[in-house]
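Asker: Show me how the following folds:
(one chain, ligands or ions: 1)
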Amino acid sequence: MTTPAADSRSTLIHAALDRPGDDPIFSLNAEALRRSRAGEEILNATLGALMDDEGRLAILPSVFEALRAVPPEAAAAYAPIAGPPRFLAAVVRDLFGEGPLGQASVAVATPGGTGALHHAIVNFLEPGQALLTTSYYWSPYQILAAHTGRRVETFRMFDGEGRIDLAALERALRRQVQVQGRALLILNTPCHNPTGYALDAREWREVLDLTNEIARSAPLALAVDHAYAKFGRSGIEPWARADGALDGDAVLLVAWTVSKSFAQYGARVGALVACHRDDAERRRIQNALSFSCRGTWSNCNHHGMLAITELLSDPDLRARSDAERERLRQLLDQRVSAFNRHAARAGLRYPRYEGGFFVTVFTPDAERTASRMRELGVFVVPLSGAVRVALCSTPARDVPRLVEALRQGLEAAGG
Ligand code: PLP
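Answerer: Model (predicted):
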């Protein structure tokens, strides 16, 4: 607890005094690196980037070709505040094809999905209000909310059958609408970070029925965190079809990003797309989001956005980047299959896992499990009630060792 005397010695405002400085995942990674350099055989399943089987960052060569082809004067110029119109149109087409939802969309450029989530939070929640998400969630949601004077509330993610706990979602959403008069629900699917879970068609239908129903009585924003979507099972998801999200008055938001889909983590290229059936409301949303762009980062990486526009629009470049990504998806799928095979044999408990960068394995004592695993040279991230395992950085050949370490880690935790 900070004393008033200590406060008065700092130049920081009160709220900024006790911010945690280092991300726990990066600290774990630092220890893994240190031990590996000292000669230990380390298996590091903590980091959230897709690595090839030799431990190098996986990239898409076509992206670099597109980056090289951008004229220097265009790359160096400021981008429009809301983002280049061709870029935004290409993002909307990427999400909705030529379908009717595209006609009902507005969009602004953001630095990755993080920027998109920021704009969702500051424009669809009043200060002091809480966003709603699953009980397992990507921890920066909490930072984004705290940093903007908002909060996070969660609903129990899984029911007894390991499916999304829709009853818990409904209770939480109704309560929020009653208390706050509005709600912002963020769902990260498919390939949820950290659990790997993807809502299936039935779950989506139920979520959409619920949100559409609640939206009749209160403003409601349903935000799909789309960070890993291109690594999920292919096929348009129910929320992206015309017969889904726009039945009611809810606004559908999509946090779109190239970080994982084009393996461009550092490019900071993304967008927030908002779909609403009413023209006037769409205009208001577009204005509000553009205002937020001006009031935060002003404009985004022009070079990156111009290159991505070509990758999404030029048929040859698009086909090549799709094929390159498909190879990465297959690499990941081999790891996922190996994990499912070995984990089932070892009796590990974890959510339905059909693809994606991560999975979580449930444990009664995550710290104990992770620490026993570290003794064995295997690094995972402890969460509340589970450990997160990054298959994106674990070659299929290492999966048996990973699963055996998880088994021993669970045993140490009495699981
Ligand atoms: N959402 C989730 C669940 C993520 O895991 C990430 C990145 O790790 C993001 C959003 C945003 O990433 P970026 O801002 O790089 O697009």
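Asker: which ones are touching the residue of the stretch 51-200 of the chain found nearest the ligand?
Answerer: Taking C-beta to the nearest ligand atom as the measure, the stretch 51-200 of the chain has residue 112 as its residue closest to the ligand, at 2.6 Å. Every residue, glycine included, has its C-beta placed from N, CA and C. Shown here is residue 112, whose contacts under the criterion C-beta atoms under 8 Å, 6 or more residues apart in numbering are 257, 258, 259, 268, 269, 270.
Asker: what sits against the closest residue to it other than its chain neighbours?
Answerer: Spatial nearest neighbour of residue 112, excluding adjacent residues (C-beta to C-beta, 6 or more residues apart in numbering): residue 270 at 4.2 Å. The contact partners of residue 270, by C-beta under 8 Å, 6+ apart, come to 109-116, 255-259, 300.
Asker: Would you mind measuring from residue 270 to residue 256?
Answerer: When C-beta to C-beta, to the nearest Å is the yardstick, residue 270 and residue 256 sit 6 Å from each other.
Asker: State the distance from the spatially closest residue to residue 69 that is not a sequence neighbour to residue 256.
Answerer: Of all residues beyond its chain neighbours, the one nearest residue 69 is residue 310 (6.9 Å), with distances taken as C-beta to C-beta, 6+ apart. Applying C-beta to C-beta, one obtains 17 Å for the distance of residue 310 from residue 256.
Asker: Who has more neighbours out of those two?
Answerer: Neighbours were counted for residue 310 and for residue 256 using other C-beta atoms under 10 Å; residue 256 has more, 27 against 22.
Asker: Go ahead and confirm the more buried one touches residue 91.
Answerer: Yes. Under the criterion of C-beta atoms under 8 Å, residue 256 lies in contact with residue 91, with a separation of 5.4 Å.
Asker: which residues do those two both contact?
Answerer: With contacts defined as C-beta under 8 Å, 6+ apart, the residues adjacent to both residue 256 and residue 91 are 271, 273.
Asker: which other helices and strands contact the top helix by length along the chain?
Answerer: Of all the segments assigned as helix in the chain under DSSP state H, the longest by residue count is helix 315-346. Using 3 or more C-beta pairs under 8 Å, 6 or more residues apart in numbering; DSSP states H and E, the elements in contact with helix 315-346 are helix 61-69, helix 302-313, strand 358-362, helix 399-412.
Asker: circling back: give the residues shared as contacts by residue 270 and residue 256.
Answerer: Shared contacts of residue 270 and residue 256, defined by C-beta under 8 Å, 6+ apart, comprise 113, 116.
Asker: ok so, going back, among the contacts of residue 112, which lie within strands?
Answerer: Secondary structure from DSSP state E places 257, 270 of those in strands.
Asker: want to throw the contacts of residue 112 into JSON lines with pLDDT and distance to residue 21?
Answerer: Written out in JSON lines, the entries for the contacts of residue 112 read as follows (pLDDT from 0 to 100; distance: C-beta to C-beta, whole Å):
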{"residue": "257", "pLDDT": "98", "distance to residue 21": "26"}
{"residue": "258", "pLDDT": "98", "distance to residue 21": "28"}
{"residue": "259", "pLDDT": "98", "distance to residue 21": "23"}
{"residue": "268", "pLDDT": "98", "distance to residue 21": "22"}
{"residue": "269", "pLDDT": "98", "distance to residue 21": "28"}
{"residue": "270", "pLDDT": "98", "distance to residue 21": "26"}
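Asker: Write out the residues of the stretch 251-400 of the chain neighbouring the ligand.
Answerer: By the rule C-beta under 6 Å from any ligand atom, the part of the stretch 251-400 of the chain lying against the ligand is 257, 259, 265, 270.
Asker: Which of these lies at the shortest distance from residue 28?
Answerer: residue 265 (18.3 Å; C-beta to C-beta).
Asker: what's the neighbour count on residue 108?
Answerer: As a measure of burial, residue 108 has 27 neighbours, counting by other C-beta under 10 Å.
Asker: Shouldn't it be within a helix?
Answerer: No. In this structure, residue 108 is strand, not part of a helix, as judged by DSSP: H, G, I helix; E, B strand; the rest coil.
Asker: could you say which helix or strand contains residue 95?
Answerer: helix 85-96 (DSSP states H and E).
Asker: tell me which residues in that helix are buried?
Answerer: Counting neighbours by 16 or more other C-beta atoms under 10 Å, one finds that the buried residues in helix 85-96 are 87, 88, 89, 90, 91, 92, 94, 95, 96.
Asker: Mind pulling the model confidence for the second one?
Answerer: Yep, that's residue 88 we're talking about. Here, the pLDDT recorded for residue 88 equals 98.
Asker: Poorly predicted segments of the stretch 101-250 of the chain, please.
Answerer: Judged against pLDDT under 70, the low-scoring parts of the stretch 101-250 of the chain cover residues 234-236, 238, 241-248.
Asker: all strands of it, in order?
Answerer: Listed in chain order, the strands of the stretch 101-250 of the chain (DSSP state E, counting those that start in this stretch) span residues 105-110, 130-134, 151-155, 183-188, 220-225.
Asker: The second one: how far from the chain's middle?
Answerer: If I follow you right, that is strand 130-134. For strand 130-134, the gap between its own C-alpha mean and the chain's C-alpha mean amounts to 14 Å (C-alpha atoms, centre = their mean, to the nearest Å).
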